[in-house]
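The following comprises the amino acid sequence and a computationally predicted model.
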There are 2 protein chains.
Amino acid sequence: MNLIDRFQIPVLEQIALRNPQATSLGKRLIENSIILFDELGFEQFTFKKLAQAAATTEASVYRYFSSKQKLLLYLVNWYWGRLECRLLLEAQAGAPKERLETALAIIINPNSADLSTANERRLQRIVIHEAPKVLLTKAVDNDHQTGYHQTYADVVNFLAKLVLDYQPNCNFTQMLVTTILEGSLQQRFFAQHLPEVTNCSEQEDAVYVFYKQLLFKYLHHE
Amino acid sequence: MNLIDRFQIPVLEQIALRNPQATSLGKRLIENSIILFDELGFEQFTFKKLAQAAATTEASVYRYFSSKQKLLLYLVNWYWGRLECRLLLEAQAGAPKERLETALAIIINPNSADLSTANERRLQRIVIHEAPKVLLTKAVDNDHQTGYHQTYADVVNFLAKLVLDYQPNCNFTQMLVTTILEGSLQQRFFAQHLPEVTNCSEQEDAVYVFYKQLLFKYLHHE
DNA sequence: AATCAATGATAGTTTTGCTATTATTTTTGC
DNA sequence: GCAAAAATAATAGCAAAACTATCATTGATT
């Protein structure tokens, strides 16, 4: 077990009814839900299909997650949690500018270490395609109060701190960070599905180049 | 009937089974769906509830829209179509910089003319909260091929042209435009529901100030 | 007056999301 | 190693949502 897998993400235990990482069935559910969410999308995904894929029953799935929304929320939090972990490990040393560049690379670069496995790549696709569906809900205020979006907020605030270390005069730190964070994910979607509204081919990493320019040009002018 | 209401949005007729603007029932459906999508959200919205609100039957609703996804797509296209119309009317004259500033104000400013009615404000909230749910779907490639997202692409490309008029050396025009377009909508959501990841209060228009800075700082450096 | 399109009224189907119950297996404490 | 407890399987069932179908009625057109 490597460092990143030992990183605890506190939110996760609140979202699930019981810890899926602790049992063999639980792990099977997570594995298969990542595959199914990726392949079917949120709308076509059902607990019945998940149960079938994980060789269990619908009722058993409900003992781990009270709804498919919660399950997706669990996966999304896992993504942000691991990203936060990588940021803490890799973007803590060096000069402010260097740390900011490292952080940006971690957030945006698709060729980085944590996308090395098929599941990690699936997980990022899930975040890109499905995450808004558990954020843009009438339940968002309750969810947020319960802490279900705290990991995301933590990532934003970690990055905001890096920005302020580099450029203490920056006025709209969080807006800058979320613009880059959300924008870079969105560009990947556009690149694949609405190519005429973006100018990034997925190979040469135009997304990284653009957002790096955007970030540093904005900060240099302050 | 003012100028903007006479502007034809070609996509709309393809999305609906029959033109809802042409009949009294159709208009009632549109009116009430705007209210209901806004108040219930996409998930809780049903054709049964819409039928009840518009004093008709579920079957009749299905004669106008084949699904609630299509109805939402219709409303979202309407939003972008009207925005495109305003851009064409108001951002065509003057120096490139001036036109770009006007366009930005049209896109971002919530106090502008087209948000004067309650329904227009509802429509913008719907675009903010619900639009991703008909974009981030497994049907997106089909939808896009059918032209269901063309109005959005048109808006993006209109803005991209303004950017290029102002700064012909800009490399990532579309990425810049979508970043601002999507970002500014998202900030309104954050402001209301996850205030700690943004720094805009909704009153003094920080969103406009920030994205204007971001845009022009990026372009001046080219 | 006859016709045709739009709407109303009603019913029915399938799927999803979820709950409940009981049986069986597995784990845990002693 | 055994009893108790917990987890899971197996199965059934319900309410609502998302449609589809049918036929009667109204209302506009010519």
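Structure received. Numbers count the residues shown, from 1 in each chain, chains lettered A, B, ... in the order given.

how about A:Phe172, what does it touch?
Shown in contact with A:Phe172 (Cβ atoms under 8 Å, 6 or more residues apart in numbering or on different chains): B:Asn199, B:Cys200, B:Ala206, B:Val209, B:Phe210, B:Gln213. C-beta coordinates here come from the backbone N, C-alpha and C atoms, glycine included.

So which bits of chain A are right by DNA strand D?
A:18, A:23-26, A:55-60, A:63-64 (Cβ under 7 Å from any atom of the strand).

Only whichever of these are buried, select them in PyMOL.
In PyMOL, this line selects whichever of those come out buried by 16 or more other Cβ atoms under 10 Å in any protein chain shown:
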select buried, chain A and resi 25+26+56+64
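
Now tabulate the residues of chain A next to DNA strand D in JSON lines and tack on secondary structure.
Output for the residues of chain A next to DNA strand D, formatted as JSON lines (DSSP: H, G, I helix; E, B strand; the rest coil):
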{"residue": "A:Arg18", "secondary structure": "coil"}
{"residue": "A:Thr23", "secondary structure": "coil"}
{"residue": "A:Ser24", "secondary structure": "helix"}
{"residue": "A:Leu25", "secondary structure": "helix"}
{"residue": "A:Gly26", "secondary structure": "helix"}
{"residue": "A:Ala55", "secondary structure": "coil"}
{"residue": "A:Thr56", "secondary structure": "coil"}
{"residue": "A:Thr57", "secondary structure": "coil"}
{"residue": "A:Glu58", "secondary structure": "helix"}
{"residue": "A:Ala59", "secondary structure": "helix"}
{"residue": "A:Ser60", "secondary structure": "helix"}
{"residue": "A:Arg63", "secondary structure": "coil"}
{"residue": "A:Tyr64", "secondary structure": "coil"}
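
quick one: low-confidence parts of chain A?
Applying pLDDT under 70 to chain A flags the ranges A:1-7, A:110-115, A:201-203, A:221-222.

Please put the alpha-carbon coordinates of the helix or strand where A:Ala191 lies into PDB.
Secondary structure assigned from DSSP states H and E places A:Ala191 in helix A:173-193. What follows is helix A:173-193 as a C-alpha-only set of coordinates in PDB (Å, rounded to 0.1, in the frame of the first residue of the first chain):
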ATOM      1  CA  THR A 173      -8.300  34.100  -5.200                       C
ATOM      2  CA  GLN A 174     -11.100  31.600  -4.900                       C
ATOM      3  CA  MET A 175     -12.800  32.700  -8.100                       C
ATOM      4  CA  LEU A 176      -9.500  32.300  -9.900                       C
ATOM      5  CA  VAL A 177      -8.900  28.800  -8.500                       C
ATOM      6  CA  THR A 178     -12.400  27.500  -9.200                       C
ATOM      7  CA  THR A 179     -12.300  29.000 -12.700                       C
ATOM      8  CA  ILE A 180      -9.200  27.000 -13.400                       C
ATOM      9  CA  LEU A 181     -10.200  23.900 -11.600                       C
ATOM     10  CA  GLU A 182     -13.700  23.600 -13.200                       C
ATOM     11  CA  GLY A 183     -12.600  25.100 -16.500                       C
ATOM     12  CA  SER A 184      -9.800  22.600 -17.000                       C
ATOM     13  CA  LEU A 185     -12.200  19.600 -16.400                       C
ATOM     14  CA  GLN A 186     -14.800  21.200 -18.700                       C
ATOM     15  CA  GLN A 187     -12.300  21.600 -21.500                       C
ATOM     16  CA  ARG A 188     -11.700  17.800 -21.500                       C
ATOM     17  CA  PHE A 189     -15.400  17.300 -22.000                       C
ATOM     18  CA  PHE A 190     -15.600  19.900 -24.800                       C
ATOM     19  CA  ALA A 191     -12.500  18.400 -26.500                       C
ATOM     20  CA  GLN A 192     -14.300  15.100 -26.800                       C
ATOM     21  CA  HIS A 193     -17.900  16.100 -27.400                       C
END
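
which helices and strands sit right next to it?
helix A:96-108, helix A:118-130, helix A:150-166, helix A:206-220, helix B:140-146, helix B:173-193, helix B:206-220 (3 or more Cβ pairs under 8 Å, 6 or more residues apart in numbering or on different chains; DSSP states H and E).

how about the first one: buried residues?
Neighbour-count burial for helix A:96-108, with 16+ other Cβ under 10 Å as criterion, is recorded at A:Arg99, A:Leu100, A:Glu101, A:Thr102, A:Ala103, A:Leu104, A:Ala105, A:Ile106, A:Ile107, A:Ile108.

Now find how far off-centre stretch A:187-200 is within its chain.
Put simply, stretch A:187-200 sits 19 Å off its chain's centre (Cα atoms, centre = their mean, to the nearest Å).

near DNA strand C at all, the helix of greatest length in chain A?
Looking across chain A with DSSP state H, the single longest helix is helix A:68-90. Yes - contact of helix A:68-90 with DNA strand C (Cβ under 7 Å from any atom of the strand) involves A:Lys68.

any idea of the angle that helix forms with helix A:96-108?
Counting by axes from the mean of the first three to the mean of the last three Cα atoms, to 10 degrees, helix A:68-90 lies at 150 degrees to helix A:96-108.

What is helix A:68-90 packed up against?
Helices and strands touching helix A:68-90, by 3+ Cβ pairs under 8 Å, 6+ apart, are helix A:3-6, helix A:10-15, helix A:24-44, helix A:96-108, helix A:118-130, helix A:132-135, helix A:150-166.

so of those, which one's packed in deepest?
Sort the helices and strands packed on helix A:68-90 by mean neighbour count, taking mean count of other Cβ atoms under 10 Å in any protein chain shown, and helix A:132-135 sits at the top with a mean of 23.

Flag every residue of chain A that's near DNA strand C.
Residues of chain A lying near DNA strand C (Cβ under 7 Å from any atom of the strand): A:Gln44, A:Thr46, A:Phe47, A:Lys48, A:Glu58, A:Ala59, A:Tyr62, A:Ser66, A:Ser67, A:Lys68.
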